[in-house]
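[1] fold the stuff below for me.
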Amino acid sequence: MHWRCSCRRLFQQSPDSRLTFRAWHDDAFGALERGLTHLVFTAIPEERYVCLLSAGRPLAARTRLSLDEYLSCSHIEVTVVEGRQGLLDRRLSDLAAPRRVSPSVPHHAIAPSAVPGTRLVATLPLRLVAQHVADPGLRCGRAPRATESVTYRMVWHPRLENDPAQNWLREHPRRHGRTARHIIHR
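    Next up, the predicted model:
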């Protein structure tokens with residue numbers, strides 16, 4: 001979802017709203033159950049991942065890396081969830097194909113600056129890489145098919161199912177972002 005555009009529209013329509021974005025944590029669903037959180041995005045609808053590589057690498061000329069090529073690289077890991085890059089690393093674990101990681105960084109925004117002139121690969125959401133494609137030291141290629149896209153979900157507590165403000169808030173990202181395909185009521 002394009003949060004900048006979505007937040008601008010949300011606050012134009014509801015200027016007194018209060019949003020707090022928090023990093024994912026182990027108790028996110030517990031906070032939802034206890035009423036401390038009202039809406040959880042466990043991901044973004046059909047987020048597409050790409051690989052950012054140094055322009056000087058032979059692999060940088062490829063439009064898509066194979067899974068074997070991808071796994072042969074050293075990776076910059078964005079430690080979003082539990083010291084891992086969330087769903088991307090889970091998907092690779094399911095394939096029994098873990099990445100070789102060095103270094104780890106705490107935010108997506110840091111990863112592109114670590115790539116130029118190295119043999120590192122940063123696997124990042126396409127929407128975050130778009131601002132770096134003009135950098136002559138970087139090349140962007142499609143991630144292996146097994147890691148290319150992830151479907152994220154919106155989750156809320158059943159007590160909020162018929163709340164008009166919550167319905168409006170849940171409808172907002174569907175209308176102004178990409179439609180969530182998987183909705184879960186907890």
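[2] now residue 50. Its backbone dihedrals?
    In terms of degrees, to the nearest 10, the main-chain angles of residue 50 are phi -130, psi 160.
[3] do residue 101 as well
    Here residue 101 shows phi and psi, under degrees, to the nearest 10, equal to phi -110, psi 130.
[4] surely it meets residue 77?
    Yes - assessed by CB atoms under 8 Å, residue 101 is found in contact with residue 77 at 4.3 Å. For the C-beta atoms, the positions are set from N, CA and C on the backbone; glycine is no exception.
[5] more neighbours: which of those two?
    Using other CB atoms under 10 Å as the criterion, residue 101 and residue 77 rank with residue 77 on top: 20 against 16.
[6] can I assume the more buried one sits in a strand?
    Yes - under DSSP: H, G, I helix; E, B strand; the rest coil, residue 77 falls within a strand.
[7] bridge partners for it, pull those for me.
    residue 104 (DSSP bridges).
[8] is it correct that residue 146 is in contact with residue 95?
    Yes - contact criterion CB under 8 Å: residue 146 and residue 95 qualify, at 5.9 Å.
[9] which residues are common contacts for the two?
    residue 67 (CB atoms under 8 Å, 6 or more residues apart in numbering).
[10] just the pLDDT at residue 23, thanks.
    In this model, residue 23 is scored at 68, pLDDT.
[11] again with residue 161
    Taking residue 161 on its own, its pLDDT is 87.
[12] phi, psi of it?
    phi -60, psi -40.
[13] separation between it and residue 14?
    Separation of residue 161 from residue 14 (CB to CB, to the nearest Å) stands at 20 Å.
[14] neighbour count for those two, which is higher?
    Legend: neighbour count by other CB under 10 Å for residue 161 and residue 14, higher for residue 14 (14 against 11).
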